[in-house]
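Novice: Okay, sequence plus prediction incoming.
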Amino acid sequence: MFLAQSPLPGTSAGGLPLGGRSARERRGSTLKMRLLSALRSSQPVGFAYFAAIADASMILITAYCANSVWGLLNFGYFPPAESVAPVGFAVAALVIGTGVQRAEYDLQFYLRKAGQTARAFGVWNLVFFVALALGFATKTTSEFSRGAITVFYFLGYASLVATRRAVVDLAYFMLAKRLMIPRRLVIIGFEDRLAEMERTVTDFGVGVHVVNMIALRDNQAYLADDLALAAAAVRMHRADDICLAIPWSRQEVIESCTAALLRTPAEIHLDADRLLERFGEARFVRLGAIFGLRVTRPRFSLLQRMEKRAFDLIVASAALFALCPVLAVVAALIRWESHGPALFRQTRYGFNQEPFKIFKFRSMRTMEDGAKVVSAKRDDPRVTRLGAYLRRYSVDELPQLFNVLRGEMSIVGPRPHAMAHDQRYFDRLSRYARRHNVKPGITGWAQVHGHRGEIANDQEMLSRLQHDLFYVDNWSLWLDIKIVFLTVFSPKTHRNAF
């Protein structure tokens, strides 16, 4: 059964040749289809070369410009290009090598506009760290101006982002003007799943054109006939890709489909099972002799952990140095207003659900830390008059900078809840425990989106959890910097603070 179809030029709606065509016309049509197929198969490679050359060219130009600007400002003349060429070539080679290793020059990478800035930030910092390490190891860092290298760092990152965004826009422009040929896709599956996909088939993806949707009858007696027709349709449409929209539990049907469709030259893809739709990081990996599907993001690499720890130490140390007088004044005011310690310590779960003592300025008349902890409510009588101001502007959280220095917390991460509240939601929300796959933070992705204050029901906690898991699965140093910026300047951050 054909639910949707885009006939080839020179064919009827059912794909049959139109009468009256001469042998020359048929040969011309066949040659045209072969040329289009060759272009579709070669354009990803050509685009990858173009994108890599664009990155390398812009890096070399930026290196020369940075060195020239620094030389003109400090010495009054343009230094020779040869003095900065080794740095430019080394950084360009590292960027391209990193991009190839991470498949960032694939055409599909440039068909995703979101996240280009963050990915470029990660690549650029990694490359500069490696370049500096190589320069130090080879004792060549003294041959280059530190000022010029600093200008190159900032100017180069801006140029890399601008170049990649320009290439993204170019890819979209070429697809819109049909200067690039989209891949032809045939979707095969059972009627119920195809009915769901038909509603979104027009937005299936940039660079992909669905030429046919073929429904299989859910009856083993008809499966062989349906698959023979499906294979004929794939050949007729010269499809580049086949998507099998079949539940993974129907293993015998999938095996029959692949056996029949392997005879066609199209790439075969298995549609993600509905169970996996919530796992954006699902990847096939090999663990020794085991080949399986990884459904969560892998633990941060050593370099990523070092990068995040360095960020935490720099920000926490700078904040404590700048805010030291404020912390002293707040502690004195707390002691003056009411009896009791200035600091409040409470047990929370950290990374890997390991307990630690969190530091806060005392803002309430009670200091609960047991099996029953009552969350603060709006106009809570337990909150002191000074405590209300501290909580409103999150000043009570500042002592957690010491937790960051001790390695128990991070500047950015999911906010740690009281252990009593954690125990309550471990069983209610299946993915709640994944919040502890990273260190808890002073601020987080949920907080800058206004998810603060009392949690009245499971739905509110679920919404907060979804933001926390987005951070866990999409962490980058750029995202940490963005969250810190929003914490300081976004009004949403303090909207529900009380």
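Specialist: Here it is on my side, so go on.
Novice: Got the domain ranges for the chain?
Specialist: Split into domains by automatic domain parsing, the chain comes to 27-176, 182-277, 302-494.
Novice: Nearest to residue 291 among those would be which one?
Specialist: The minimum distance between residue 291 and those falls on domain 182-277, with 14.5 Å, by C-beta to C-beta. Just so you know, the C-beta spots here come from the backbone N, C-alpha and C atoms, and that holds for glycine as well.
Novice: What is the three-state secondary structure of residue 359?
Specialist: Judged by DSSP: H, G, I helix; E, B strand; the rest coil, the three-state class of residue 359 is strand.
Novice: can you tell me which residues contact it?
Specialist: By C-beta atoms under 8 Å, 6 or more residues apart in numbering, the residues touching residue 359 are 343-345, 399-400, 402-403.
Novice: with the residues you listed in mind, which one is nearest to residue 117?
Specialist: Proximity of these to residue 117 (C-beta to C-beta) peaks at residue 400, which lies at 28.8 Å.
Novice: can you tell me which of the domains of the chain the model trusts least?
Specialist: Sorting these by mean pLDDT places domain 27-176 lowest, at a mean of 77.
Novice: Do a quick rundown of the strands in the stretch 51-200 of the chain.
Specialist: For the stretch 51-200 of the chain, applying DSSP state E, counting those that start in this stretch gives strands covering 183-190.
Novice: With the stretch 351-498 of the chain instead?
Specialist: Assigned by DSSP E, counting those that start in this stretch, the strands in the stretch 351-498 of the chain fall at 355-361, 410-412, 441-443.
Novice: closest one to residue 327 among the ones you listed?
Specialist: strand 355-361 (8.4 Å).
Novice: can you tell me which residues contact the closest residue to residue 403 other than its chain neighbours?
Specialist: Residue nearest to residue 403 in three dimensions, not counting chain neighbours: residue 409, with 4.1 Å by C-beta to C-beta, 6 or more residues apart in numbering. Contact analysis of residue 409 by C-beta under 8 Å, 6+ apart lists 350, 356, 358, 400, 403, 416, 439-442.
Novice: The same query, at a cut-off of 10 Å, please.
Specialist: 312, 316, 348, 350-351, 356, 358-359, 400-403, 415-416, 439-442 (C-beta atoms under 10 Å, 6 or more residues apart in numbering).
Novice: again, but for residue 162
Specialist: 58, 62, 120.
Novice: does the last one really touch residue 167, like I thought?
Specialist: No: the pair residue 120 / residue 167 is not scored as a contact, 11.3 Å apart, by C-beta atoms under 10 Å.
Novice: ok, the two, which is more surrounded?
Specialist: Taking neighbours as other C-beta atoms under 10 Å, residue 120 and residue 167 compare with residue 120 leading, 24 against 19.
Novice: residues contacting the more buried one?
Specialist: 55, 95, 99, 104, 157-165, 478.
Novice: Please narrow these to those residing in helices.
Specialist: Applying DSSP state H to those, the entries found in helices are 55, 95, 99, 157-165, 478.
Novice: now the residues you listed as JSON lines including distance to residue 173?
Specialist: JSON lines is the format used below for those (distance: C-beta to C-beta, whole Å):
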{"residue": "55", "distance to residue 173": "19"}
{"residue": "95", "distance to residue 173": "24"}
{"residue": "99", "distance to residue 173": "22"}
{"residue": "157", "distance to residue 173": "25"}
{"residue": "158", "distance to residue 173": "22"}
{"residue": "159", "distance to residue 173": "21"}
{"residue": "160", "distance to residue 173": "20"}
{"residue": "161", "distance to residue 173": "19"}
{"residue": "162", "distance to residue 173": "16"}
{"residue": "163", "distance to residue 173": "15"}
{"residue": "164", "distance to residue 173": "15"}
{"residue": "165", "distance to residue 173": "13"}
{"residue": "478", "distance to residue 173": "26"}
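Novice: give me the number of residues near residue 423?
Specialist: If you count neighbours by other C-beta under 10 Å, residue 423 ends up with 12.
Novice: Over to the one 4 residues further on?
Specialist: The criterion is other C-beta under 10 Å. On that basis, residue 427 has 9 neighbouring residues.
Novice: Need phi/psi at the spatially closest residue to residue 356 that is not a sequence neighbour.
Specialist: The shortest distance from residue 356 to any non-neighbouring residue, by C-beta to C-beta, 6+ apart, is to residue 408 (4.3 Å). Phi and psi for residue 408, reported as degrees, to the nearest 10, are phi -90, psi -20.
Novice: Do I have it right that residue 408 meets residue 439?
Specialist: Yes: judged on C-beta under 10 Å, residue 408 makes contact with residue 439 at a distance of 7.4 Å.
Novice: So these two - more neighbours on which side?
Specialist: residue 439 (25 against 21).
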